[in-house]
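**Student:** Structure for the following, please:
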Amino acid sequence: MSEPLSVLQTQLVHNVHRRATTMLVEAAADPAVPVGALATLREFLVSNLHHHHETEDNDLWPLIKEADPEAALRMTELTGEHNILDEALETLLRADLNDREFFTGAAEAVRDVVHRHLVDEEPVLLPALRDHLSPEAWNGFAAHVAATAPTAHRHLMIGFMDLAGTGEQIEVMLGALPLPLLARLRDEAKEAFASLQGRA
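**Tutor:** Residues are numbered from 1 along each chain as shown. Just a heads-up that it's a prediction; the model follows:
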């Protein structure tokens, strides 16, 4: 394995968030994309971004601070950025899907916050995961994340992992899923992405 499991999984999830927020902006600006497809992607993004940063703040940061006390201040700064993301997500959630100009602006704000935050977070988080967090601690955290993750629109998560991940990352994240289920979710993701790209 080229990297610890913690780094591979974190990098993939971050790249999913980059791809998903970018796709929402592009879809919102395209009048050929149905409102229903936008609503589904918005729901997926808001629920998964909330879950991701809440599990970081409440569960992962304490593990890292215990393993690497010098990271405490930097983690506090990252939590502040999570608060900014919450505000942008709330605006996106309230945005009228039929007002494409406003909705696109709200989607752009979320994309910009997410992309900027990940640029700030990864130089702190990835070395801490690589150098200080034990595999056992990560496995416990990852199991908690999986058990509490949003279940709605699971096909989109699979589809974005396929778009954003390397072969190694995808195998690590999806290798345990039954093949028939994985195939069905991938088919559903292809249909959803076609709609989000105005091709359905």
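
**Student:** Where is the longest helix in this structure?
**Tutor:** Ranked by number of residues, the top helix in the chain under DSSP state H is helix 100-131.

**Student:** which parts of it are buried?
**Tutor:** By neighbour count with 16 or more other Cβ atoms under 10 Å, helix 100-131 contains the buried residues 100, 103-111, 113-114, 117-118, 121, 124-126, 128-129. Using the backbone N, CA and C atoms, a C-beta is placed for each residue, glycine as well.

**Student:** Repeat that for stretch 176-195.
**Tutor:** 185, 188-189, 192-193, 195.

**Student:** Give me the contact list for it.
**Tutor:** Residues outside stretch 176-195 that contact it (Cβ atoms under 8 Å, 6 or more residues apart in numbering) are 23, 33-34, 37, 40-41, 154-156, 158-160, 162, 174, 200.

**Student:** Could you rerun that using 6 Å?
**Tutor:** 37, 155, 158-159, 200 (Cβ atoms under 6 Å, 6 or more residues apart in numbering).

**Student:** Return it as PDB; C-alpha atoms alone will do.
**Tutor:** Only the C-alpha atoms of stretch 176-195 are listed here, as PDB (Å, rounded to 0.1, in the frame of the first residue of the first chain):
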ATOM      1  CA  ALA A 176     -15.900  -5.100   0.400                       C
ATOM      2  CA  LEU A 177     -19.300  -4.200  -1.200                       C
ATOM      3  CA  PRO A 178     -21.100  -7.100  -2.900                       C
ATOM      4  CA  LEU A 179     -20.500  -6.900  -6.600                       C
ATOM      5  CA  PRO A 180     -24.200  -6.900  -7.600                       C
ATOM      6  CA  LEU A 181     -24.900  -4.000  -5.300                       C
ATOM      7  CA  LEU A 182     -21.900  -2.100  -6.500                       C
ATOM      8  CA  ALA A 183     -22.900  -2.500 -10.100                       C
ATOM      9  CA  ARG A 184     -26.500  -1.300  -9.400                       C
ATOM     10  CA  LEU A 185     -25.200   1.800  -7.500                       C
ATOM     11  CA  ARG A 186     -22.800   2.600 -10.300                       C
ATOM     12  CA  ASP A 187     -25.600   2.300 -12.900                       C
ATOM     13  CA  GLU A 188     -27.700   4.700 -10.800                       C
ATOM     14  CA  ALA A 189     -24.800   7.100 -10.500                       C
ATOM     15  CA  LYS A 190     -24.300   7.100 -14.300                       C
ATOM     16  CA  GLU A 191     -28.000   8.000 -14.800                       C
ATOM     17  CA  ALA A 192     -27.800  10.700 -12.100                       C
ATOM     18  CA  PHE A 193     -24.600  12.200 -13.600                       C
ATOM     19  CA  ALA A 194     -26.200  12.200 -17.100                       C
ATOM     20  CA  SER A 195     -29.100  14.200 -15.700                       C
END
